[in-house]
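Peer 1: Here you go, sequence then predicted model.
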Amino acid sequence: MNRLNSYLTAATIAVACFASAAGAQTTGDLFSTPKVRRALDYLKATEPDTIKDQIKACEIPAPTFQEQKRAEYFKQRFTELGLKNVRIDGIGNVIGERPGAGAGPTLVLAAHLDTVFPEGTDVKVKRNGSILAGPGIGDDCRGLAVILAVARALNEVKIETQGTILFVANVGEEGLGDLRGARHLFNDELKGRITHFISVDGTGLGVTNAGVGVVRYRVTFRGPGGHSFGAFGLPSPIHAMGRAIEKISRFHVPAQPRTTFNVGRVEGGTSVNSIAHTAWLEMDMRSESVTELAKLEAEFKRAVQEALDEENARGAGSKKLTVEMKMVSQRPAGVTPADSPIVKAALAADAALGITTRLSAGSTDSNIPISLGVPAITISGGGAGRNAHSLDESFDTTDSHVGTQRALLIVLGIVGAR
Ligand SMILES: [Zn+2]
């Protein structure tokens, strides 16, 4: 996941009188029932098991597009937890259902299987006191462990819910996975069924209710190529790419709504004494605003075209460069309003646990439901994470049970406990 900024705090939002989405209870009633209190105690007592699950999941490699092994493991775990209709869907998401009493909401509680780390990365988790170190240990092995813990606690305390909970370990959240797992749930596998969506992603105690829009391109310049001395004067794909990057680096974007851009990868050429045949760059653009993102995208395309034209104008002879601009990823922007029941459920759970809520914007699986108008938030899984998306990622387990408890309370705030 990728949280970008906070712009609202709980202090600005009144949550005194929240009724759960199931309409059955007020928060106060719900959270003070003996069963729910028992479930919270159970989660605190068994947090070491949750952490074991987190480590176990993390030591099964799951690069984006290669999540199968970890998916098989979750299928087994969902089955052991007594979830119904456990399956791996057509794109690789693992789904298990916990039916409600009926006539309630249908909530997806998801965490993503995939990591940004390529095949062959050492994913062994090292433990030093309260610190766990390993690639993916927070993002999103923490979320995966938390959803298992929620299912375990509901079983242990025999909580019957009004609404149905669909537990999902989904594929394709990171990078060029492009939210394909979440997309598939909403467009295909669970189309029309989901009324609420919660993704547990990463660490800390944040709530993401706004989806930052993302658009990414791979731009490939192509030309005849030739000897650096013998063919001197030919237009160069690498030089054109350089011109494009120089223009991009001078873009101005607003701080609010937050809008960003980055050329994250480049490649090209074959040797120092050759004019390249090809060169490509990958560009990532993001904004909290649909309008600003569209403006940035248009400016980017203009810059690439100008770079091509300038390099072709410089080149001698009739041989010209071409450019291909291929969109490789797109995540829609949008917001689940702060006064919607799903956000209020998070605020109420935080109030019950003494947590100050920080609502933020990010690019997560929730972007998909948010863009479709389905109430969705992404919550973090507790503990404290460092260096997500890097090889020295770590997770501090101090008080991490609060994240697990909070996930349970938010879920119950939506589906209602009977
Ligand atoms: Zn993540």
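Peer 2: Perfect, I can see it now.

Peer 1: Whatever residue of the stretch 151-300 of the chain ends up closest to the ion - how many residues pack around it?
Peer 2: Of all residues in the stretch 151-300 of the chain, the one sitting closest to the ion is Asp201 (4.3 Å; C-beta to the ion). Every C-beta, even on glycine, is put in place using the N, C-alpha and C of the backbone. By the criterion of other C-beta atoms under 10 Å, Asp201 has 30 neighbours.

Peer 1: what does Thr161 give?
Peer 2: Neighbours of Thr161 (other C-beta under 10 Å): 23.

Peer 1: Which residues are in contact with it?
Peer 2: With contact taken as C-beta atoms under 8 Å, 6 or more residues apart in numbering, Thr161 is in contact with 22, 98, 100-101, 104, 154, 412, 415-418.

Peer 1: Confirm Gly317 sits in a strand?
Peer 2: No: using DSSP: H, G, I helix; E, B strand; the rest coil, the assignment for Gly317 is coil, not a strand.

Peer 1: that older thread, among the contacts of Thr161, which lie within helices?
Peer 2: Using DSSP state H, the members of the contacts of Thr161 that fall in helices are 154, 412, 415.

Peer 1: filter these down to the ones close to the ion.
Peer 2: Filtering these for proximity to the ion by C-beta under 5 Å from the ion leaves nothing.

Peer 1: Dump these to JSON lines, plus neighbour count and distance to Phe232.
Peer 2: Converted to JSON lines, the ones in helices among the contacts of Thr161 look like this (neighbours: other C-beta atoms under 10 Å; distance: C-beta to C-beta, whole Å):
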{"residue": "Leu154", "neighbour count": "24", "distance to Phe232": "71"}
{"residue": "Leu412", "neighbour count": "29", "distance to Phe232": "71"}
{"residue": "Val415", "neighbour count": "30", "distance to Phe232": "70"}
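
Peer 1: quick one: which of those is nearest Asp399?
Peer 2: Relative to Asp399, the closest of the ones in helices among the contacts of Thr161 is Leu412; by C-beta to C-beta it sits at 20.6 Å.

Peer 1: which residues are contacting stretch 251-259?
Peer 2: 4-5, 212, 260-261, 285-289, 292-293, 296, 299-300, 303, 361.

Peer 1: May I ask which of the contacts of Thr161 comes out lowest in pLDDT?
Peer 2: The member of the contacts of Thr161 with the lowest pLDDT is Ala22, at 45.

Peer 1: How about Asp350, nearest residue that isn't a chain neighbour?
Peer 2: Spatial nearest neighbour of Asp350, excluding adjacent residues (C-beta to C-beta, 6 or more residues apart in numbering): Thr357 at 4.5 Å.

Peer 1: scratch that, Leu113
Peer 2: Closest to Leu113 by C-beta to C-beta, 6+ apart is Glu67, at 4.2 Å.

Peer 1: Would you map out the domains in the protein?
Peer 2: 3-211+333-415, 213-331 (automatic domain parsing).

Peer 1: Find the one among these with the highest mean neighbour count.
Peer 2: When those are scored by mean count of other C-beta atoms under 10 Å, the highest mean neighbour count falls to domain 3-211+333-415 (a mean of 21).

Peer 1: about what we covered before: from Ala351, how far out is the residue nearest to Leu113?
Peer 2: Separation of Glu67 from Ala351 (C-beta to C-beta, to the nearest Å): 36 Å.

Peer 1: again, but for Ser371
Peer 2: In terms of C-beta to C-beta, Ser371 sits 29 Å off from Ala351.

Peer 1: Give the helix, strand or coil label for Val146.
Peer 2: Applying three-state DSSP: Val146 is helix.

Peer 1: So the nearest residue to it once chain neighbours are set aside versus Asn128, what's the distance?
Peer 2: Leaving aside its chain neighbours, Val146 sits nearest to Gly381 (4.3 Å; criterion: C-beta to C-beta, 6+ apart). As for Gly381, its distance to Asn128 is 20 Å (criterion: C-beta to C-beta).
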